[in-house]
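> Here is my input, please return the structure:
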Amino acid sequence: MNGESSGGDPGPDLAVGADAFVDRGAGLEVAVVGAGAVGATAAYDLAREGADVTLYDRGTVASGSSGRAAGICYDAFADGLDAEIAGDAIERFRALSGDDTFPFRECPYVWLAREDDQERAATIREQVSRMQDHGVVALEMDADALADRFPALRVDDVAVAGIAGAAGYTDPARYTACLAAAATGAGATLETHAPVDVRIDPPRVALEDGEEREVDAVLVAAGAHTKRVLAAADVPIAMKPYRVQALVADADLEEPMCYDATGDFYVRPHPDGLLAGDGTEPVEADPDDYDRTADSDFVDDTVARIGKRFPDVDLEVSDAWAGLCTATPDGDPLVGELRDGVYVATGFQGHGFMRAPAIGKRIAGQILGDDGVDAFDPTRFPGEEEFEIVEGMRIDGG
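Next up is the predicted model:
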């Protein structure tokens with residue numbers, strides 16, 4: 001896993017007083033499929049609004065992609081909608097974190113391009129300017145300023161860097177466990193080791209033993225398994241899972257979190273030293289049959305790249321793994337109502353965990369009658385598109 005938490009323990013309850021409950025969802029029965037970060041957050045928000053929620057997972061809480069996520073959280077998006085969602089997510093991470101819930105460590109986020117990569121350098125300059133236009137706290141730095149601010153970084157090959165101030169990192173499995181526990185504390189029912197399929201007209205979930213439970217709404221937030229869960233109802237979606245890799249190494253690194261866009265790898269501090277990754281495979285993966293062990297070439301290459309960017313950091317790899325992310329044709333997620341009473345939240349291009357506090361709240365609100373996010377409307381695609389997988393953290397010029 002990721003060396004921080006297994007996700008098997010439901011974790012401590014978030015403090016939710018009786019006066020926090022409202023009855024907007026009273027009488028509404030909702031099934032949430034997938035006890036990852038998005039599903040657990042949505043279940044929590046629905047339950048505290050008075051809905052009768054059952055949260056299902058084929059394994060345990062955070063046993064899928066959320067438990068293998070990098071835990072990097074930042075508000076470094078040039079698009080206005082993405083910036084709004086990221087800002088909301090960061091604020092909620094801060095508000096919900098604590099000694100008895102989950103940690104959220106404030107840490108600057110740096111993304112940089114090298115001198116031989118003028119296309120990405122130009123893109124970073126444009127991104128920072130657009131972020132500032134949206135009120136995002138972001139700065140552009142040259143190599144000298146970067147060296148003064150972050151002495152651990154090698155900067156002699158850096159053309160330009162962007163710095164996002166509203167950023168930090170956390171333990172993804174612990175966050176998810178806390179939100180699932182808070183959901184049950186607010187009245188939701190958690191059913192683990194309970195694989196289900198979805199049926200439509202009317203919305204309902206089908207259990208392994210053949211029992212079907214009719215509900216008012218179903219939310220499928222099953223990560224890479226979302227396509228399979230919906231396939232039983234003959235509801236296709238334009239999403240492809242793809243494999244990514246990460247490692248944890250014993251090292252001394254306090255800051256920053258860094259994405260080397262030219263080298264295509266990221267690094268963040270970790271309780272055991274540092275966490276780093278890239279290892280994206282641009283081919284569709286089978287969520288039921290993929291290699292969860294990191295490739296040896298990935299480990300060796302990533303250690304070498306970290307050593308060049310952080311030359312004074314001694315590395316000893318203690319853990320390495322592979323997980324799954326999900327891609328869509330246009331790089332935006334599928335969040336909203338697919339069929340009457342059937343909702344979906346997937347396709348986050350590697351940004352699902354960092355958006356979970358905001359996306360979970362928004363999809364819960366839509367189920368309760370609020371407007372959805374038009375740009376993420378899952379019906380914008382028929383569901384059978386052919387498209388190439390593009391890793392979400394990639395920075396492209398143009």
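
> mind saving the C-alpha coords of the host helix or strand of Arg94 as CSV?
Taking DSSP states H and E as the criterion, Arg94 maps to helix 80-96. What follows is helix 80-96, C-alpha atoms only, in CSV (Å, rounded to 0.1, in the frame of the first residue of the first chain):
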residue,chain,number,x,y,z
GLY,A,80,-12.0,28.6,-13.2
LEU,A,81,-14.2,25.6,-12.4
ASP,A,82,-11.3,23.4,-11.5
ALA,A,83,-9.8,26.1,-9.3
GLU,A,84,-13.2,26.6,-7.5
ILE,A,85,-13.5,22.9,-6.8
ALA,A,86,-9.9,22.5,-5.7
GLY,A,87,-10.2,25.5,-3.4
ASP,A,88,-13.3,24.1,-1.8
ALA,A,89,-11.6,20.8,-1.4
ILE,A,90,-8.5,22.3,0.3
GLU,A,91,-10.7,24.3,2.7
ARG,A,92,-12.7,21.2,3.6
PHE,A,93,-9.5,19.1,4.2
ARG,A,94,-8.4,21.8,6.6
ALA,A,95,-11.8,22.1,8.4
LEU,A,96,-12.2,18.3,8.9
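
> can you give me how far it is from the chain middle?
12 Å (Cα atoms, centre = their mean, to the nearest Å).

> Which elements pack onto that helix?
Counting contacts by 3 or more Cβ pairs under 8 Å, 6 or more residues apart in numbering; DSSP states H and E, helix 80-96 is packed against strand 72-74, strand 167-170, helix 172-185, helix 352-367. Yep, even glycine has a C-beta here, placed from its N, CA and C like the rest.

> And the ones you listed: which comes nearest Glu254?
If you check each of the helices and strands packed on helix 80-96 against Glu254 by Cβ to Cβ, strand 167-170 wins as the nearest, at 11.7 Å.

> quick one on the thing from earlier: of all the helices and strands packed on helix 80-96, which lies closest to Ala89?
Comparing the helices and strands packed on helix 80-96 by Cβ to Cβ, helix 352-367 comes nearest, at 4.1 Å.

> which SS class is the closest residue to Pro282 other than its chain neighbours?
Spatially, and ignoring its direct neighbours in sequence, Pro282 is nearest to Ile389 (4.5 Å; Cβ to Cβ, 6 or more residues apart in numbering). Classification of Ile389 using DSSP: H, G, I helix; E, B strand; the rest coil returns coil.

> What about Ile389, how many residues nearby?
By the criterion of other Cβ atoms under 10 Å, Ile389 has 21 neighbours.

> Surely it touches Ala327?
Yes. Contact criterion Cβ atoms under 8 Å: Ile389 and Ala327 qualify, at 4.5 Å.

> Beta-bridge partners for Leu207, please?
As for beta bridges, Leu207 partners with Val196 under DSSP bridges.

> How about the one 5 residues further on?
In this structure, Glu212 bridges to Ala206 when assessed by DSSP bridges.

> Could you list which residues are in contact with it?
Arg199, Arg204, Val205, Ala206 (Cβ atoms under 8 Å, 6 or more residues apart in numbering).

> Please apply the same query to Thr176.
Per Cβ under 8 Å, 6+ apart, neighbours of Thr176: Gly7, Ala35, Gly36, Ala37, Ala40, Val61, Ala62, Ser66, Gly67, Ala356.

> Can you tell me how far it is from Thr41?
8 Å (Cβ to Cβ, to the nearest Å).

> Quick check: neighbours shared by the two?
Common neighbours of Thr176 and Thr41 (criterion: Cβ under 8 Å, 6+ apart): Ala356.

> Over to the residue nearest to Pro282: give its phi and psi.
The phi/psi pair for Ile389 (degrees, to the nearest 10) reads phi -80, psi 130.

> how far away is it from Leu190?
32 Å.

> Asp291 now?
29 Å.

> Same question for Val33.
12 Å.

> circling back to that earlier point, okay, Asp291 and Leu190: which has more neighbours?
Neighbour totals were compared for Asp291 and Leu190, and Leu190 leads with 21 against 12 (other Cβ under 10 Å).

> what sits against the more buried one?
Contacts of Leu190 (Cβ under 8 Å, 6+ apart): Pro10, Ala35, Thr54, Leu55, Val61, Ala180, Ala183, Thr184.

> cool, Asp278 as well?
Contacts of Asp278 (Cβ under 8 Å, 6+ apart): Val244, Gln245, Asp264, Phe265, Tyr266, Phe298, Thr302, Glu391.

> These in helices, which ones?
Phe298, Thr302 (DSSP state H).

> circling back to that earlier point, would you check how far apart the residue nearest to Pro282 and Gly135 are?
Taken as Cβ to Cβ, the span from Ile389 to Gly135 is 32 Å.

> need the contact list for Asp291.
Asp291 neighbours (Cβ under 8 Å, 6+ apart): Arg243, Ala322.

> pLDDT weak spots in the stretch 151-300 of the chain?
Within the stretch 151-300 of the chain, no stretch has pLDDT under 70.

> do that again at 90, thanks
Residues of the stretch 151-300 of the chain that meet the criterion pLDDT under 90 lie in 165, 232, 278-280.

> quick revisit: and which of the contacts of Leu190 is nearest to Glu29?
Set against Glu29, the nearest of the contacts of Leu190 by Cβ to Cβ is Thr54 (8.1 Å).

> Helix or strand: which one has Arg58?
Residue-wise, Arg58 maps onto no helix or strand under DSSP H and E.

> Surely it is in contact with Ala194?
Yes. Contact criterion Cβ under 8 Å: Arg58 and Ala194 qualify, at 6.9 Å.
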